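*Asks:* Build me a structure from this.
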Amino acid sequence: MTEVSIPAPPVTSRRARVAALLVYAVALALYIEFVEVPKSVYQAFAWIWLALIAWDVQAPLRSHLSFLRDWSIPLLVLTFYLYSRGLADEIGLTQVHVTAPIEADRALFGGTLPTEYLQAQLCGVPCERQMPRAWYEVVLTTVYYSHFFVAPVAAAVLWKRHRPAWIRFMRRYLALNILALVIYLLYPMAPPWLASRNGYLTSDIARITGRGWYDLGPGNFQDSFSAVGNPVAAMPSLHAGIAMLVVLYAWWRTSGPWRVLLMIYPLTMALALVYFAEHYVVDVLAGWLAAAVVMWGCAWWERSRTVPPRTEEPVREAASAELG
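*Replies:* Below is the predicted model of the structure:
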(Lines give C-alpha, C1' and ligand atoms only; values in the text may rest on other atoms or scores of the structure.)
Protein backbone atom coordinates (compact mmCIF):
# COMPACT_ATOMS: atom_id res chain seq x y z
CA MET A 1 0.00 0.00 0.00
CA THR A 2 1.48 3.30 -1.13
CA GLU A 3 0.97 6.39 1.01
CA VAL A 4 -0.84 8.64 -1.47
CA SER A 5 -3.15 11.28 -0.08
CA ILE A 6 -6.27 11.72 -2.20
CA PRO A 7 -8.05 15.09 -2.12
CA ALA A 8 -11.21 15.02 -0.04
CA PRO A 9 -14.46 14.90 -1.98
CA PRO A 10 -16.92 17.80 -1.84
CA VAL A 11 -18.62 18.19 1.53
CA THR A 12 -22.09 16.67 1.73
CA SER A 13 -24.79 18.94 3.09
CA ARG A 14 -25.93 18.28 6.65
CA ARG A 15 -29.50 17.56 5.59
CA ALA A 16 -28.44 14.99 2.99
CA ARG A 17 -25.99 13.37 5.42
CA VAL A 18 -28.56 13.03 8.21
CA ALA A 19 -31.13 11.57 5.83
CA ALA A 20 -28.65 9.08 4.36
CA LEU A 21 -27.41 7.99 7.79
CA LEU A 22 -30.98 7.44 8.99
CA VAL A 23 -31.66 5.24 5.96
CA TYR A 24 -28.42 3.37 6.66
CA ALA A 25 -29.31 2.84 10.34
CA VAL A 26 -32.77 1.48 9.46
CA ALA A 27 -31.33 -0.81 6.79
CA LEU A 28 -28.70 -2.18 9.18
CA ALA A 29 -31.28 -2.74 11.93
CA LEU A 30 -33.56 -4.62 9.53
CA TYR A 31 -30.65 -6.72 8.27
CA ILE A 32 -29.70 -7.71 11.82
CA GLU A 33 -33.31 -8.45 12.73
CA PHE A 34 -34.28 -10.53 9.70
CA VAL A 35 -30.97 -11.85 8.33
CA GLU A 36 -28.10 -11.94 10.81
CA VAL A 37 -25.47 -9.89 12.55
CA PRO A 38 -22.85 -8.93 9.92
CA LYS A 39 -20.22 -11.37 11.12
CA SER A 40 -18.12 -12.27 8.10
CA VAL A 41 -15.31 -10.03 6.94
CA TYR A 42 -17.15 -9.43 3.66
CA GLN A 43 -20.32 -8.35 5.44
CA ALA A 44 -18.39 -6.08 7.79
CA PHE A 45 -16.53 -4.38 4.94
CA ALA A 46 -19.75 -3.99 2.95
CA TRP A 47 -21.55 -2.26 5.82
CA ILE A 48 -18.53 -0.04 6.49
CA TRP A 49 -18.56 0.95 2.83
CA LEU A 50 -22.28 1.73 2.96
CA ALA A 51 -21.73 3.83 6.10
CA LEU A 52 -19.03 5.84 4.33
CA ILE A 53 -21.30 6.30 1.32
CA ALA A 54 -24.07 7.56 3.60
CA TRP A 55 -21.65 9.96 5.29
CA ASP A 56 -20.68 11.54 1.96
CA VAL A 57 -23.72 10.63 -0.06
CA GLN A 58 -23.29 13.61 -2.40
CA ALA A 59 -19.69 12.78 -3.27
CA PRO A 60 -18.96 11.65 -6.84
CA LEU A 61 -19.08 7.96 -7.71
CA ARG A 62 -15.30 7.71 -8.16
CA SER A 63 -14.86 8.74 -4.52
CA HIS A 64 -17.10 5.87 -3.34
CA LEU A 65 -15.41 3.38 -5.67
CA SER A 66 -11.99 4.28 -4.26
CA PHE A 67 -13.00 2.30 -1.15
CA LEU A 68 -13.02 -0.90 -3.18
CA ARG A 69 -9.57 -0.16 -4.53
CA ASP A 70 -8.02 0.74 -1.17
CA TRP A 71 -9.67 -1.94 0.96
CA SER A 72 -9.32 -4.89 -1.42
CA ILE A 73 -5.91 -6.00 -0.12
CA PRO A 74 -6.93 -5.78 3.58
CA LEU A 75 -10.05 -7.76 2.70
CA LEU A 76 -8.01 -10.55 1.10
CA VAL A 77 -5.53 -10.67 3.99
CA LEU A 78 -8.25 -10.82 6.64
CA THR A 79 -10.12 -13.48 4.69
CA PHE A 80 -6.93 -15.54 4.53
CA TYR A 81 -6.45 -15.07 8.28
CA LEU A 82 -10.05 -15.92 9.10
CA TYR A 83 -10.12 -19.22 7.26
CA SER A 84 -6.54 -20.24 8.03
CA ARG A 85 -6.90 -19.92 11.80
CA GLY A 86 -9.32 -22.84 11.69
CA LEU A 87 -6.38 -25.10 10.86
CA ALA A 88 -4.55 -24.48 14.15
CA ASP A 89 -5.30 -27.95 15.53
CA GLU A 90 -5.51 -29.79 12.21
CA ILE A 91 -2.21 -29.38 10.38
CA GLY A 92 -0.39 -31.53 12.94
CA LEU A 93 2.63 -29.33 13.66
CA THR A 94 2.21 -29.83 17.40
CA GLN A 95 -0.30 -31.08 19.94
CA VAL A 96 -2.86 -28.83 21.60
CA HIS A 97 -1.40 -27.35 24.79
CA VAL A 98 -3.63 -27.48 27.85
CA THR A 99 -1.73 -27.56 31.14
CA ALA A 100 1.08 -25.06 30.44
CA PRO A 101 -1.09 -21.90 30.54
CA ILE A 102 -2.87 -23.17 33.65
CA GLU A 103 0.44 -23.59 35.42
CA ALA A 104 1.66 -20.19 34.17
CA ASP A 105 -1.41 -18.34 35.47
CA ARG A 106 -1.24 -20.08 38.83
CA ALA A 107 2.46 -19.25 39.09
CA LEU A 108 1.70 -15.59 38.41
CA PHE A 109 -1.04 -15.42 41.06
CA GLY A 110 0.33 -17.52 43.90
CA GLY A 111 -1.47 -20.74 43.03
CA THR A 112 -4.84 -19.13 42.27
CA LEU A 113 -6.34 -19.37 38.80
CA PRO A 114 -7.72 -15.88 37.97
CA THR A 115 -10.65 -17.17 35.90
CA GLU A 116 -11.81 -19.50 38.67
CA TYR A 117 -11.44 -16.76 41.29
CA LEU A 118 -13.28 -14.10 39.26
CA GLN A 119 -16.21 -16.35 38.39
CA ALA A 120 -16.59 -17.43 42.01
CA GLN A 121 -16.48 -13.85 43.31
CA LEU A 122 -18.44 -12.03 40.59
CA CYS A 123 -20.90 -14.68 39.41
CA GLY A 124 -21.23 -17.62 41.80
CA VAL A 125 -20.53 -21.33 42.05
CA PRO A 126 -21.47 -22.68 39.65
CA CYS A 127 -21.71 -19.72 37.29
CA GLU A 128 -24.27 -20.13 34.53
CA ARG A 129 -25.26 -17.87 31.67
CA GLN A 130 -28.96 -18.07 32.62
CA MET A 131 -28.43 -16.61 36.10
CA PRO A 132 -29.49 -12.98 36.78
CA ARG A 133 -26.90 -10.66 35.28
CA ALA A 134 -25.05 -7.88 37.06
CA TRP A 135 -24.44 -4.39 35.65
CA TYR A 136 -20.71 -5.02 35.23
CA GLU A 137 -21.45 -8.11 33.12
CA VAL A 138 -23.40 -5.93 30.68
CA VAL A 139 -20.33 -3.68 30.45
CA LEU A 140 -17.91 -6.57 30.03
CA THR A 141 -20.00 -8.33 27.39
CA THR A 142 -20.29 -5.06 25.46
CA VAL A 143 -16.54 -4.51 25.67
CA TYR A 144 -15.87 -8.08 24.54
CA TYR A 145 -18.01 -7.74 21.42
CA SER A 146 -16.60 -4.29 20.66
CA HIS A 147 -13.58 -6.23 19.36
CA PHE A 148 -15.47 -6.91 16.15
CA PHE A 149 -16.15 -3.22 15.48
CA VAL A 150 -13.59 -0.93 17.11
CA ALA A 151 -10.64 -1.53 14.77
CA PRO A 152 -12.70 -1.53 11.52
CA VAL A 153 -14.54 1.63 12.55
CA ALA A 154 -11.27 3.32 13.52
CA ALA A 155 -9.83 2.31 10.16
CA ALA A 156 -12.88 3.71 8.33
CA VAL A 157 -12.55 7.05 10.13
CA LEU A 158 -8.85 7.24 9.29
CA TRP A 159 -9.51 6.30 5.66
CA LYS A 160 -12.02 9.11 5.35
CA ARG A 161 -9.95 11.73 7.11
CA HIS A 162 -6.30 10.95 6.33
CA ARG A 163 -5.30 8.15 3.99
CA PRO A 164 -1.59 7.98 5.00
CA ALA A 165 -2.66 7.49 8.64
CA TRP A 166 -5.11 4.80 7.50
CA ILE A 167 -2.31 2.99 5.64
CA ARG A 168 -0.09 3.00 8.72
CA PHE A 169 -2.91 1.75 10.93
CA MET A 170 -4.01 -0.94 8.49
CA ARG A 171 -0.41 -2.11 8.09
CA ARG A 172 -0.20 -2.68 11.84
CA TYR A 173 -3.64 -4.24 12.07
CA LEU A 174 -2.95 -6.76 9.32
CA ALA A 175 0.53 -7.51 10.67
CA LEU A 176 -0.92 -8.31 14.10
CA ASN A 177 -3.47 -10.68 12.58
CA ILE A 178 -0.80 -12.50 10.56
CA LEU A 179 1.56 -12.71 13.54
CA ALA A 180 -1.23 -14.20 15.65
CA LEU A 181 -2.06 -16.66 12.88
CA VAL A 182 1.52 -17.94 12.74
CA ILE A 183 1.55 -18.46 16.52
CA TYR A 184 -1.83 -20.23 16.42
CA LEU A 185 -0.46 -22.70 13.90
CA LEU A 186 2.72 -23.28 15.90
CA TYR A 187 1.16 -23.27 19.37
CA PRO A 188 -2.50 -24.37 19.48
CA MET A 189 -3.78 -23.96 23.03
CA ALA A 190 -7.02 -24.76 24.85
CA PRO A 191 -8.66 -21.76 26.59
CA PRO A 192 -10.01 -22.08 30.16
CA TRP A 193 -13.58 -23.03 29.18
CA LEU A 194 -12.32 -25.83 26.92
CA ALA A 195 -9.85 -27.08 29.54
CA SER A 196 -12.71 -27.19 32.04
CA ARG A 197 -14.97 -29.05 29.61
CA ASN A 198 -12.25 -31.66 29.06
CA GLY A 199 -11.64 -32.21 32.77
CA TYR A 200 -8.38 -30.29 33.25
CA LEU A 201 -10.08 -27.66 35.45
CA THR A 202 -13.05 -27.67 37.77
CA SER A 203 -16.40 -27.97 36.03
CA ASP A 204 -17.54 -24.80 37.83
CA ILE A 205 -15.65 -22.75 35.20
CA ALA A 206 -18.01 -21.88 32.35
CA ARG A 207 -17.92 -19.92 29.12
CA ILE A 208 -20.26 -17.05 30.01
CA THR A 209 -19.29 -14.55 27.32
CA GLY A 210 -22.86 -13.58 26.42
CA ARG A 211 -24.16 -13.33 30.00
CA GLY A 212 -24.41 -9.56 29.96
CA TRP A 213 -26.74 -9.68 26.97
CA TYR A 214 -28.45 -12.96 27.80
CA ASP A 215 -31.98 -11.61 28.35
CA LEU A 216 -31.90 -9.20 25.40
CA GLY A 217 -33.23 -11.86 23.04
CA PRO A 218 -33.05 -15.51 22.02
CA GLY A 219 -30.00 -17.18 20.53
CA ASN A 220 -26.37 -17.73 21.32
CA PHE A 221 -24.49 -14.44 21.09
CA GLN A 222 -21.18 -16.24 20.92
CA ASP A 223 -22.26 -17.93 17.70
CA SER A 224 -23.85 -14.75 16.36
CA PHE A 225 -20.54 -12.93 16.45
CA SER A 226 -18.35 -15.77 15.22
CA ALA A 227 -17.84 -16.55 11.54
CA VAL A 228 -15.06 -19.11 11.21
CA GLY A 229 -13.41 -19.81 14.53
CA ASN A 230 -11.15 -22.28 16.22
CA PRO A 231 -11.30 -22.74 20.00
CA VAL A 232 -7.58 -23.56 20.23
CA ALA A 233 -6.50 -20.39 18.41
CA ALA A 234 -6.14 -18.71 21.79
CA MET A 235 -2.48 -17.78 22.30
CA PRO A 236 -2.02 -14.85 21.96
CA SER A 237 -5.40 -13.28 22.63
CA LEU A 238 -6.25 -11.25 19.54
CA HIS A 239 -9.04 -9.54 21.48
CA ALA A 240 -6.43 -8.24 23.91
CA GLY A 241 -3.88 -7.53 21.18
CA ILE A 242 -6.17 -5.49 18.93
CA ALA A 243 -7.56 -3.52 21.88
CA MET A 244 -4.00 -2.62 22.84
CA LEU A 245 -3.01 -1.91 19.23
CA VAL A 246 -5.85 0.59 18.78
CA VAL A 247 -4.88 2.36 22.00
CA LEU A 248 -1.15 2.37 21.20
CA TYR A 249 -1.84 3.81 17.74
CA ALA A 250 -4.09 6.51 19.19
CA TRP A 251 -1.46 7.21 21.86
CA TRP A 252 1.21 7.51 19.16
CA ARG A 253 -0.81 10.00 17.09
CA THR A 254 -2.17 12.19 19.90
CA SER A 255 -0.84 14.06 22.89
CA GLY A 256 -2.09 15.20 26.27
CA PRO A 257 -2.56 13.67 29.72
CA TRP A 258 -6.03 12.37 28.77
CA ARG A 259 -4.32 9.62 26.77
CA VAL A 260 -3.96 7.66 30.01
CA LEU A 261 -7.73 7.15 29.96
CA LEU A 262 -7.36 5.18 26.75
CA MET A 263 -5.81 2.35 28.75
CA ILE A 264 -9.20 1.70 30.36
CA TYR A 265 -10.27 -0.07 27.17
CA PRO A 266 -7.57 -2.81 26.96
CA LEU A 267 -7.66 -3.29 30.74
CA THR A 268 -11.44 -3.77 30.71
CA MET A 269 -11.10 -6.10 27.73
CA ALA A 270 -8.53 -8.14 29.69
CA LEU A 271 -10.90 -8.43 32.64
CA ALA A 272 -13.71 -9.57 30.34
CA LEU A 273 -11.55 -12.20 28.64
CA VAL A 274 -10.35 -13.74 31.90
CA TYR A 275 -13.69 -13.53 33.68
CA PHE A 276 -15.62 -15.07 30.78
CA ALA A 277 -13.10 -17.97 30.60
CA GLU A 278 -12.15 -17.03 27.04
CA HIS A 279 -8.45 -16.57 27.86
CA TYR A 280 -5.83 -16.93 30.52
CA VAL A 281 -3.90 -13.93 31.79
CA VAL A 282 -0.81 -15.16 29.94
CA ASP A 283 -2.81 -15.05 26.68
CA VAL A 284 -3.69 -11.43 27.39
CA LEU A 285 -0.08 -10.54 28.16
CA ALA A 286 1.00 -12.28 24.96
CA GLY A 287 -1.57 -10.28 23.00
CA TRP A 288 -0.28 -7.02 24.45
CA LEU A 289 3.29 -8.03 23.69
CA ALA A 290 2.35 -8.91 20.10
CA ALA A 291 0.73 -5.49 19.67
CA ALA A 292 3.84 -3.75 21.01
CA VAL A 293 6.11 -5.81 18.73
CA VAL A 294 3.97 -4.96 15.70
CA MET A 295 3.94 -1.25 16.57
CA TRP A 296 7.71 -1.21 16.97
CA GLY A 297 8.38 -3.38 13.91
CA CYS A 298 6.17 -1.34 11.59
CA ALA A 299 7.64 1.93 12.86
CA TRP A 300 11.15 0.60 12.25
CA TRP A 301 10.21 -0.57 8.75
CA GLU A 302 8.66 2.78 7.89
CA ARG A 303 11.71 4.68 9.11
CA SER A 304 14.00 2.41 7.09
CA ARG A 305 12.05 3.21 3.92
CA THR A 306 12.13 6.96 4.49
CA VAL A 307 14.60 8.46 2.01
CA PRO A 308 16.85 10.99 3.79
CA PRO A 309 17.37 14.36 2.08
CA ARG A 310 20.26 14.34 -0.33
CA THR A 311 23.24 16.33 0.91
CA GLU A 312 25.89 15.29 -1.59
CA GLU A 313 25.34 18.17 -4.03
CA PRO A 314 25.60 21.01 -1.48
CA VAL A 315 28.73 19.42 -0.02
CA ARG A 316 30.26 19.03 -3.48
CA GLU A 317 29.44 22.64 -4.37
CA ALA A 318 30.97 23.91 -1.11
CA ALA A 319 34.14 21.94 -1.73
CA SER A 320 34.41 23.31 -5.27
CA ALA A 321 34.01 26.84 -3.95
CA GLU A 322 36.80 26.35 -1.45
CA LEU A 323 39.10 24.93 -4.09
CA GLY A 324 38.25 27.75 -6.44
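*Asks:* Let me see the backbone angles for the closest residue to residue 295 other than its chain neighbours.
*Replies:* Ranked by Cβ to Cβ, 6 or more residues apart in numbering and with sequence neighbours excluded, the top spatial neighbour of residue 295 is residue 248, at 5.1 Å. To be clear about C-beta, it is placed using only N, CA and C from the backbone, and glycine gets the same treatment. Its backbone dihedrals place residue 248 at phi -60, psi -40, with angles given as degrees, to the nearest 10.
*Asks:* Any regions of the stretch 51-200 of the chain where pLDDT drops low?
*Replies:* Judged against pLDDT under 70, the low-scoring parts of the stretch 51-200 of the chain cover residues 86-93, 129.
*Asks:* burial count for the residue nearest to residue 295?
*Replies:* For residue 248, the number of neighbouring residues by other Cβ atoms under 10 Å comes to 20.
*Asks:* Before we move on, what's the pLDDT of it?
*Replies:* For residue 248, the model assigns a pLDDT of 95.
*Asks:* again with residue 26
*Replies:* Residue 26 carries a pLDDT score of 96 in this model.
*Asks:* check which helix or strand covers it.
*Replies:* helix 14-34 (DSSP states H and E).
*Asks:* and the helix or strand just after that helix with helix 14-34, angle?
*Replies:* Tracing the chain past helix 14-34, the next element assigned as helix or strand by DSSP H and E is helix 41-55. Calculated by axes from the mean of the first three to the mean of the last three Cα atoms, to 10 degrees, helix 41-55 forms an angle of 150 degrees with helix 14-34.
*Asks:* Show me which residues of helix 41-55 are buried.
*Replies:* Taking 16 or more other Cβ atoms under 10 Å as the neighbour-count basis, helix 41-55 is seen to contain the buried residues 41, 44, 45, 47, 48, 49, 50, 51, 52, 53, 54, 55.
*Asks:* Is it correct that the fourth one is in contact with residue 28?
*Replies:* Yes - counting by Cβ atoms under 8 Å, residue 28 is a contact partner of residue 47 at 6.3 Å.
*Asks:* Pull up the overlap in contacts between those two.
*Replies:* Overlap between the neighbourhoods of residue 47 and residue 28 consists of residue 38, taking contacts as Cβ atoms under 8 Å, 6 or more residues apart in numbering.
*Asks:* Next, count neighbours for the residue lying closest to residue 159 once chain neighbours are set aside.
*Replies:* Take residue 159 and drop its neighbours on the chain: the residue closest to it by Cβ to Cβ, 6+ apart is residue 166, 4.2 Å away. The tally of other residues near residue 166 (other Cβ under 10 Å) stands at 22.
*Asks:* Wasn't residue 166 part of a helix?
*Replies:* Yes - in this structure, residue 166 lies within a helix as judged by DSSP: H, G, I helix; E, B strand; the rest coil.
*Asks:* Would you quantify the distance from it to residue 40?
*Replies:* Applying Cβ to Cβ, to the nearest Å, one obtains 22 Å for the distance of residue 166 from residue 40.
*Asks:* mind giving me the domain split of the protein?
*Replies:* If the domains of the chain are taken from automatic domain parsing, they occupy 12-59, 61-306, with pieces of a single domain joined by a plus sign.
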